[in-house]
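Novice: Next come a sequence and a model predicted from it.
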Number of protein chains: 2
Amino acid sequence: MSEMRRAFIVSDRTGISADAMCNALLEQFKDIPIRQYSRPFIDTPTKAQDLIMEIQSFAEKDGVHPIVFASISNQEISQIVKTAPALHLSFFDAFLTPLEQELGATAQRIIQSRVHNVQKYDARMEAVNFALNHDDGSSDADMQQADVILMGVSRSGKTPTCLYLALQYGIRAANYPLTPDDLGNPDLPRMVKPYKNKLFGLTIEPERLHNIREERRANSTYSHINTCKQEVADAQTMFRRYGIPFANTTHKSVEELAVYIMQSCKLKKKF
Amino acid sequence: MSEMRRAFIVSDRTGISADAMCNALLEQFKDIPIRQYSRPFIDTPTKAQDLIMEIQSFAEKDGVHPIVFASISNQEISQIVKTAPALHLSFFDAFLTPLEQELGATAQRIIQSRVHNVQKYDARMEAVNFALNHDDGSSDADMQQADVILMGVSRSGKTPTCLYLALQYGIRAANYPLTPDDLGNPDLPRMVKPYKNKLFGLTIEPERLHNIREERRANSTYSHINTCKQEVADAQTMFRRYGIPFANTTHKSVEELAVYIMQSCKLKKKF
């Protein structure tokens, strides 16, 4: 008998969102050790049968039921997975029935069309290229095509946020690093001045910035806590002076920042 | 009376995964027009009350119940949201009760700790920097630190996949573009040869590659369909000769590719 539980996140697609949602569920039971196994692309009866054998062998070994969190639109596969000896939490089954009743229609139980992927791919590709070409103020060509321009001191988290906005939403996000020169100037930097309404500022706690910069260039003026304090204070002054919306990146994940920027700048997903 | 339905995806966090999961649900009712509204960061009673007013006004205007898909771990907020006139699909409520019974424990209904975000941020930052420094075969410094090296002809989808692997999993992914010179050579390219066991190939349908390259450089030898056919064929020959696992990117989303690569190369998320 083992006290450790196993949870299988089973999907007929990538299972990326199912993983995240299941993780949020299992986090509610912090005192119980639960080991998670992702089982994506379970899209044929054979793969489903193999998975059942795997779950069965774990159930016998552990002496307790594994947990199966299933996100499977295909009904045949879903039925097979349900024969495994486990606690079944089935996303589609739980919500499709009330939806069918409310909408007065039968769920089609289809998998997302592949055509969509090509359009999505193109929008993302374009946005990723835009972000790479406009990383760190590297070019002001086509800057008017930016959906948003992130502005902040060096190492405040601009690049990952721009790339996430591009990949997740197809948003063309440029970024501009506020240099000590920019920060000593009462005016907005020349490169971004024409696009004031597209600007979004990133700020960060000086101590955290100091730690990040130390990793990069230890014991330098650049990473000194006083430099960090001064730059952050100057950047925030600039944001306030020009009414630029901004967010503190210190305790935010890239996802949180991205969603916050989408909301704040009223941006829409491109696909 | 309107036939259009509205669906509100309500979360006390970013709601990114809830959006995706809800989208997969609503796609099962293709014949019914359903307009989706993301309502992230509903994490105070006041925000929940404001949301109820919004839902209520839509319900009155439309003459039908909106759908509320809620992913809210906080019980107080969750209870408030439930008072809105709507069909409620509540992720935590649906699955926490059976989990509590199976695990013999009470769900703590907490929000993910913020400490985790800093570690996650560092792992991602490092991986994103690695991907940017090793994009398009730009440098072989520290190549031994790569978790995986994507290889493929120009425009086969290497860069977005590397960036997604970095952001989603903290994986250090380099990429190497197979040039016509490389493809004419029976040996593996010099830069990647020492890391044969880290290689993963990307291939693509020649017609799709032709279309992508035409966008970039129209009517060129580079984009000509015969060039595309030859390069793709040569790349696949190389992958097969050296036993390099590979995937066709044509009909796959960046997410699908990333999950496939994680599985195929037995890579683990870094945070």
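Specialist: Now that the structure is in, tell me what you want to look at.

Novice: quick one: the host helix or strand of A:E76 near chain B?
Specialist: Of the helices and strands defined by DSSP states H and E, A:E76 is found in helix A:75-81. No - Helix A:75-81 lies out of reach of chain B by Cβ under 8 Å from any Cβ of the partner chain, never closer than 10.7 Å. Bear in mind the C-beta positions are built from the backbone N, C-alpha and C, glycine included.

Novice: avg pLDDT for that helix?
Specialist: Averaging pLDDT along helix A:75-81 yields 96.

Novice: One more: stretch A:252-268?
Specialist: For stretch A:252-268, mean pLDDT is 95.

Novice: Can you mark which positions in it are buried?
Specialist: Residues A:252-262, A:265, A:267 are the ones in stretch A:252-268 that count as buried (16 or more other Cβ atoms under 10 Å in any protein chain shown).

Novice: likewise stretch A:21-41?
Specialist: Those would be A:21-29, A:34, A:38-41, for stretch A:21-41 by 16+ other Cβ under 10 Å.

Novice: Span of stretch A:81-93 from start to end?
Specialist: 13 Å (Cα to Cα, to the nearest Å).

Novice: got the contact list for A:S156?
Specialist: A:L202, A:T203, A:I204, A:L209, A:A235, A:T249 (Cβ atoms under 8 Å, 6 or more residues apart in numbering or on different chains).

Novice: right, is the helix or strand hosting the first one up against chain B?
Specialist: A:L202 is part of strand A:199-203, with elements assigned from DSSP H and E. No - using Cβ under 8 Å from any Cβ, strand A:199-203 stays clear of chain B, coming no nearer than 12.6 Å.

Novice: Which elements pack onto the helix or strand just after that strand?
Specialist: Next helix or strand after strand A:199-203 toward the C-terminus (DSSP H and E): helix A:206-216. Judged by 3 or more Cβ pairs under 8 Å, 6 or more residues apart in numbering or on different chains; DSSP states H and E, the packing partners of helix A:206-216 are helix A:225-241.

Novice: Would you mark the buried spots in the helix it packs on?
Specialist: Buried residues in helix A:225-241, counted by 16+ other Cβ under 10 Å: A:T227, A:C228, A:E231, A:V232, A:D234, A:A235, A:M238, A:F239.

Novice: on contacts alone, who are the packing partners of it?
Specialist: Applying 3+ Cβ pairs under 8 Å, 6+ apart, we find helix A:225-241 packed against strand A:148-153, strand A:173-178, helix A:180-183, strand A:199-203, helix A:206-216.

Novice: Please name whichever of those is nearest to A:F69.
Specialist: strand A:173-178 (33.2 Å; Cβ to Cβ).

Novice: Report the inter-axis angle for the least confident helix or strand in chain A by mean pLDDT versus strand A:148-153.
Specialist: When the helices and strands of chain A are compared on mean pLDDT, DSSP states H and E, helix A:115-133 comes out lowest with a mean of 85. Interaxial angle, helix A:115-133 versus strand A:148-153 (axes from the mean of the first three to the mean of the last three Cα atoms, to 10 degrees): 40 degrees.

Novice: Taking strand A:173-178 as reference, get the angle to helix A:115-133.
Specialist: 20 degrees.

Novice: all strands for the stretch 1-150 of chain A, in order.
Specialist: Along the stretch 1-150 of chain A, counting by DSSP state E, counting those that start in this stretch, strands occupy A:5-11, A:34-39, A:67-71, A:87-90, A:148-153.

Novice: need these in TSV with mean pLDDT and distance to chain B, can you?
Specialist: Formatted as TSV, these follow (pLDDT from 0 to 100; distance: least, Cβ to the nearest Cβ, whole Å):
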stretch	mean pLDDT	distance to chain B
strand A:5-11	97	7
strand A:34-39	96	8
strand A:67-71	98	7
strand A:87-90	98	4
strand A:148-153	98	14
